[in-house]
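Q: quick one: sequence and predicted model below, then my questions.
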Amino acid sequence: MSYSDYNDEELILMIRENSEEAKDILYDKYKYIIDIEVKKYSTIASILGYDFNDLYQDALVGFSNALASYRDDKEASLPSFITLCVDRKLQYAIRSINNQKSRLQSESLSLEHVYENAKVPLMDSISDNSANDPLLKMMNRENYKELNEKIKEMLSSNEYEVYGYMIKGLKYNEIALLLNKEPKQIDNTMQRIKNKIKEIIASK
C-alpha cells in the first residue's frame, strides 16, 4: 500500500475505519508540518523549561486530532487543517506549562530581570545591597512580594500575561507567536508594562 494508490480523502475514510496503515501514510507525507511547527516553538519551550520530546508528543496529538476531525467538506485543505490543529495544540501546551509555573513567579527570573529605568535587577531596586542579615533578607523578599502584587494590580489581564512571559526571558516576537498577535502590538504592550513598573518603583 502506498500513498500514490489513494488520495487524502480516501485515506481519511480508511482512518475512520481504524486503518493504522492509512494513518502512517499520511504521517509520512505530512511529517514536515510537524517538524516545522515544533521548530517554530522550540525556542519558547526551551526558555520555559518544556522538554523537546514532550513538545513533539503534543504535536503528534495535534496531528492525530486533525486526522480524526477533518471533513472533506471543510474549506481548508488537509495540510492546512493539520497545520492549524498542531499549532493550536502547541500553543495550548506551552501556555498551560507557563500557567502552572506562574505561581512560582516570585522565585523566578523576575528577581533578576533588569528594568530599563533603574538599570539594575528588580531585586536590587528593593533590597539593601549591603545587608547580609537573614532577617533583612526576609524583609526584602516580603518587599518584593508586595511590589509584585502592586504590579499585578496595575497591569491589565492582557498586560500581566505578557509580563509573565517577559520575566521568563521571551522576546516580543516570541510572545507574539505564542499569543497569536502582531509583534508590534506586543512590543507596545511591553513598553506600557515597563512604564507602569517605572511608576511603581519611582513611588516607593
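A: Sure thing, it's come through. Quantities reported herein were computed from a predicted structural model and do not represent experimental measurements.

Q: ok, M166 touching I186?
A: No: M166 lies out of contact with I186 (Cβ atoms under 8 Å); the separation is 9.6 Å. For the C-beta atoms, the positions are set from N, CA and C on the backbone; glycine is no exception.

Q: need the overlap of contacts for these two.
A: I175 (Cβ atoms under 8 Å, 6 or more residues apart in numbering).

Q: now do the domain split for this structure, please.
A: The chain breaks down into these domains under automatic domain parsing: 3-102, 105-202.

Q: tabulate these in CSV, adding columns for mean neighbour count and mean pLDDT.
A: Below are the domains of the chain laid out as CSV (neighbours: other Cβ atoms under 10 Å; pLDDT from 0 to 100):
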stretch, mean neighbour count, mean pLDDT
domain 3-102, 16, 89
domain 105-202, 15, 70
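
Q: helices along the protein, start to end?
A: 8-16, 20-47, 52-69, 78-102, 122-125, 134-154, 157-166, 172-179, 183-202 (DSSP state H).

Q: quick check: K150 touching E199?
A: No: contact criterion Cβ under 8 Å: K150 and E199 do not qualify, at 9.9 Å.

Q: tell me how far K181 lies from Y172.
A: Using Cβ to Cβ, to the nearest Å, one obtains 10 Å as the distance from K181 to Y172.

Q: identify the contacts common to those two.
A: Common neighbours of K181 and Y172 (Cβ under 8 Å, 6+ apart) do not exist.

Q: need the nearest residue in space to L11, chain neighbours excluded.
A: A22 (4.4 Å; Cβ to Cβ, 6 or more residues apart in numbering).

Q: which residues are in contact with that neighbour?
A: Contacts for A22 (Cβ under 8 Å, 6+ apart) come out as 6, 11-12, 14-15.

Q: make JSON lines from the residues you listed and add distance to A93 to it.
A: Below are these laid out as JSON lines (distance: Cβ to Cβ, whole Å):
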{"residue": "Y6", "distance to A93": "31"}
{"residue": "L11", "distance to A93": "27"}
{"residue": "I12", "distance to A93": "25"}
{"residue": "M14", "distance to A93": "29"}
{"residue": "I15", "distance to A93": "23"}
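
Q: what's the closest of those to L177?
A: I12 (29.3 Å; Cβ to Cβ).

Q: contacts only, for the closest residue to that closest one other than its chain neighbours.
A: Using Cβ to Cβ, 6+ apart and skipping residues adjacent in sequence, the residue nearest I12 is Y70, 5.8 Å away. When contacts are counted by Cβ under 8 Å, 6+ apart, Y70 touches 12, 78, 81-82.
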